[in-house]
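structure, please.
(2 chains)
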Protein chains: 2
Amino acid sequence: MNIIIDAMGGDNAPAATLLGAAAAVKNLGICITAVGNSAVMQAAVKQHNIDMQNISIHHAPETMEMDEDATNVRKRPNTSLAVALRLLAEDKGDALVSAGSTGAVLVGATLVVKRIKGVSRAALGAVMPSAKNPWILIDCGANTECRPEQLLQFAAMGSAYMQKVMGIKSPIVALANNGAEENKGGPLQQAAFALLKQSGLNFAGNIEGRAIPMGQADVIVCDGFTGNIILKTVEGMAKMMSGKIKEMFYASGKTKIAGLMMKKSLAEFKKGFDYKEFGGAPLLGIKKPVIKAHGSSDAKAFMNAIRQAKDCAAQDVCGTIEAFISAQKSEETPDE
Amino acid sequence: MNIIIDAMGGDNAPAATLLGAAAAVKNLGICITAVGNSAVMQAAVKQHNIDMQNISIHHAPETMEMDEDATNVRKRPNTSLAVALRLLAEDKGDALVSAGSTGAVLVGATLVVKRIKGVSRAALGAVMPSAKNPWILIDCGANTECRPEQLLQFAAMGSAYMQKVMGIKSPIVALANNGAEENKGGPLQQAAFALLKQSGLNFAGNIEGRAIPMGQADVIVCDGFTGNIILKTVEGMAKMMSGKIKEMFYASGKTKIAGLMMKKSLAEFKKGFDYKEFGGAPLLGIKKPVIKAHGSSDAKAFMNAIRQAKDCAAQDVCGTIEAFISAQKSEETPDE
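Purely as a prediction, here's the structure:
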């Protein structure tokens, strides 16, 4: 198993990406191809004394900036991201991880690695915390506007991920909506509901925002605008409430002592909402696994993203998606 | 000042509504007209020994069910909600509070009390907790699909509420969007951004979900679908995280002791996210103040909703909205 990484993408690259890669080699027994500016990477290796066993460096002279126009991934073929994507397209690795800009990873993967046959749009899934088990939110921001058929495909893609990578036999799929009843939402949600109902997926109907963090569904499907709002509101609330809890423990001498007594539990509580534990966001619908790691990934978060990439490749998530899409297509056009 | 209440609306009516009314009379120095089935109300008064000073009962024989079709408010003119709305339209009171179904309150207020001249759609505002001060989310669910001009009006209405009722001199307005940059979102958000920019409101640009709970804006504007998702995701996260905190304190003998030491702080923490403290949701754009109290309101929540109704009336929120809308209209059509 060889995972290609965009070693220069992200706020803490290349130190965090290479340290994450070294940890992944050690923990997951894989090989890594680290794509990026060779001199810059060598300097980081030296500075942080990184063990480069089973990590091969592939030189790419340029680097995409985080705020650069996403379409530049096409205009600048010598950036670490563009080179990494080409290596993946040419089967020089089994999956790719980048902490670079979401837009560039999305555009680049679609243009260079290309979509699975029949997939209308690639979608970004976010693995999210809940009161119970983690669940996937798809699309969490790649496609601002969507058609109902695309929401159906997103559901199938999220379902394949939860089944293959998270080991859930028959993932429960729900449609994010402004009410539980079948006729809720706008034309998009109403049409998507009808498609999901007859999809063969384990569709449980609409889910309201209030139930989203409760872990009642394994896959929550929506357009990318709604998904972005959900993802970031969840993150914002987790951050805001964690801050309030911290304030509460720092209020007085007595509460500080209580805080010390709770130290272990508080650390676990914090861990439960820590994006670093959840790894990256799988970009689903692309021919080969692509994981978008958080832009501010540290070594641990990047290693977890590499683990996801490995699991996607090992469990053939892309093949599962392809099979679902082609079965749907043949149902739709039985005479072809 | 006389506030009309739909005494039969809500899960705990009429006990909670009448107890809330009695508390409001005592604390706010107002009169109340309680509309509903007289016999049922008298029984509740007797059972709970409610002080009915300055509360006059107005008989309405029927009651809308919580899950009844909203348009029935028109077909059933003898329900407590329909009668209460007519009393408000006939200037028999200064404002109205109902804990009945949101749809029925919205439809009824629009049909019976009617919209302010020039207002395209009434919108529901939700007063929400944040890391700093409360803020208003508008529309939080009344209008699933919206036009850009409607979002501008929602912003003006929310701004009037925060200025007049919450005492914020120049409320900061932000547009809920999937990114901070001006070109973010779909056609609705892009067009609304342009209108808000030149509206004369204190418009601070787009706001992402992550920043929403931080209290960076006083008014967050969006279509009702997005607003419903934000409102309920915030509620769901608050509930989920509060549950996790409770679990944490119940984990062992040691954590239970820490919990006792934190008792006061925990109660305050809980209070900060308690809808009962925030009262109801103002329905803005209607000719007179209408407050939709939470369906599960207890007496305290209902009293706080009455307080909001009183403040809206005393501060002439409706007049402020009317002035903004008519100024906008005359700008748009200078030749008329």
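
do a quick rundown of the strands in the stretch 51-200 of chain A.
Listed in chain order, the strands of the stretch 51-200 of chain A (DSSP state E, counting those that start in this stretch) span A:55-59, A:95-98, A:123-128, A:135-138, A:172-176.

the fourth one packs against which elements?
Right, the one you point to is strand A:135-138. The elements that strand A:135-138 packs onto, with contact taken as 3 or more Cβ pairs under 8 Å, 6 or more residues apart in numbering or on different chains; DSSP states H and E, are strand A:123-128, helix A:148-164, strand A:219-221, helix A:224-249. Any C-beta I mention is one placed from the backbone N, CA and C, and that applies to glycine too.

A:Pro77 against A:Val83, yeah?
Yes: contact between A:Pro77 and A:Val83 holds when scored by Cβ atoms under 8 Å: they sit 7.5 Å apart.

break down the stretch 1-150 of chain A into its helices, ranges please.
Per DSSP state H, counting those that start in this stretch, the stretch 1-150 of chain A has helices spanning A:15-28, A:38-48, A:72-75, A:80-89, A:102-108, A:148-164. These are given in chain order.

which strands or helices does the last one pack on?
Contacts defined by 3+ Cβ pairs under 8 Å, 6+ apart place helix A:148-164 against strand A:123-128, strand A:135-138, strand A:172-176, helix A:187-197, strand A:219-221, strand A:281-284, helix A:299-314, helix A:317-332.

out of those, which is the most enclosed?
When the helices and strands packed on helix A:148-164 are scored by mean count of other Cβ atoms under 10 Å in any protein chain shown, the highest mean neighbour count falls to strand A:219-221 (a mean of 31).

and that strand, how far out from the chain middle?
For strand A:219-221, the separation from the chain centroid amounts to 13 Å (computed by Cα atoms, centre = their mean, to the nearest Å).

same check, this time on stretch A:208-219
Counting by Cα atoms, centre = their mean, stretch A:208-219 comes out at 18 Å from the chain centroid.

what sits up against it?
Residues external to stretch A:208-219 that are found in contact with it (Cβ atoms under 8 Å, 6 or more residues apart in numbering or on different chains): A:129-133, A:135-136, A:138, A:155, A:158-159, A:162, A:166, A:168, A:171-174, A:176-180, A:204, A:207, A:220, A:230, A:234, B:228-237, B:239-240.

distance of A:Ile291 from chain B?
Counting by Cβ to the nearest Cβ, to the nearest Å, the gap from A:Ile291 to chain B is 21 Å.

could the helices of the stretch 1-150 of chain A go into TSV alongside mean pLDDT and mean neighbour count?
Formatted as TSV, the helices of the stretch 1-150 of chain A follow (pLDDT from 0 to 100; neighbours: other Cβ atoms under 10 Å in any protein chain shown):
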stretch	mean pLDDT	mean neighbour count
helix A:15-28	98	22
helix A:38-48	98	15
helix A:72-75	92	17
helix A:80-89	98	25
helix A:102-108	94	25
helix A:148-164	97	26
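
mind checking the ones you listed for the one nearest to B:Ala192?
In terms of Cβ to Cβ, the element of those nearest to B:Ala192 is helix A:102-108, at 22.3 Å.

can you name every helix or strand that the closest one contacts?
Judged by 3+ Cβ pairs under 8 Å, 6+ apart, the packing partners of helix A:102-108 are helix A:72-75, helix A:80-89, strand A:281-284, strand A:290-292.

closest to B:Gly36 out of these?
Distances from B:Gly36 to each of the helices and strands packed on helix A:102-108 were compared using Cβ to Cβ; the shortest belongs to strand A:281-284, at 51.9 Å.

each with direction, which strands does the closest one pair with?
strand A:123-128 (antiparallel), strand A:290-292 (antiparallel) (DSSP bridges).

ok and the first one relative to helix A:224-249, angle-wise?
Which is strand A:123-128. 20 degrees (axes from the mean of the first three to the mean of the last three Cα atoms, to 10 degrees).

hmm, who's touching strand A:123-128?
Contacts to strand A:123-128, defined as Cβ under 8 Å, 6+ apart, come from residues A:102, A:106, A:134-143, A:150, A:153-154, A:157-158, A:161, A:166, A:224, A:227, A:231, A:234, A:278-279, A:281-285, A:292.

for chain B, give me its nearest residue in the stretch 51-200 of chain A.
Chain B sits closest to A:Asn178 of the stretch 51-200 of chain A, with a gap of 3.8 Å, by Cβ to the nearest Cβ.

what's around that residue, how many residues?
24 (other Cβ atoms under 10 Å in any protein chain shown).

any idea how far A:Phe225 is from it?
Distance, A:Asn178 to A:Phe225, using Cβ to Cβ, to the nearest Å: 14 Å.

sorry, back to before: how about the strands paired with strand A:281-284 in a markdown table, adding mean pLDDT?
Formatted as a markdown table, the strands paired with strand A:281-284 follow (pLDDT from 0 to 100):
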| stretch | mean pLDDT |
| --- | --- |
| strand A:123-128 | 94 |
| strand A:290-292 | 97 |
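
as TSV, those strands with distance to B:Ala305 would be great.
What follows is the strands paired with strand A:281-284, written out as TSV (distance: least, Cβ to Cβ, whole Å):
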stretch	distance to B:Ala305
strand A:123-128	33
strand A:290-292	44
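
which among those strands is found nearest to B:Leu88?
Between B:Leu88 and these, the tightest spacing by Cβ to Cβ is seen for strand A:123-128, at 43.6 Å.

so who does A:Lys197 touch?
A:Lys197 is in contact with A:Phe203, counting by Cβ under 8 Å, 6+ apart.

what's the answer for A:Leu188, then?
By Cβ under 8 Å, 6+ apart, the residues touching A:Leu188 are A:Cys146, A:Arg147, A:Pro148, A:Leu151, A:Asp223.

dump the strands of the stretch 51-200 of chain A to TSV, plus distance to B:Leu266.
Listed next are the strands of the stretch 51-200 of chain A as TSV, based on distance: least, Cβ to Cβ, whole Å:
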stretch	distance to B:Leu266
strand A:55-59	48
strand A:95-98	41
strand A:123-128	26
strand A:135-138	28
strand A:172-176	32
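
so for A:Leu111, which of those strands sits nearest?
The minimum distance between A:Leu111 and the strands of the stretch 51-200 of chain A falls on strand A:95-98, with 13.7 Å, by Cβ to Cβ.

model confidence over the closest one, on average?
Per-residue pLDDT over strand A:95-98 has a mean of 98.

contacts made by it with the rest, please.
By Cβ under 8 Å, 6+ apart, the list of residues contacting strand A:95-98 from outside reads A:3-6, A:9-10, A:81, A:84-85, A:87-88, A:105, A:109, A:113, A:280, A:288-293, A:302, A:305-306, A:309-310, A:312-313.

also stretch A:17-25?
So stretch A:17-25 is in contact with A:3, A:5-10, A:30-32, A:34, A:36, A:41, A:44-45, A:48, A:50-55, A:99, A:297-303, A:305-307, A:310, going by Cβ under 8 Å, 6+ apart.

redo that, cut-off 7 Å
Contact partners of stretch A:17-25, identified using Cβ atoms under 7 Å, 6 or more residues apart in numbering or on different chains, comprise A:5, A:7, A:10, A:30, A:32, A:34, A:41, A:44-45, A:48, A:50-51, A:53-55, A:99, A:299, A:302-303, A:306-307.
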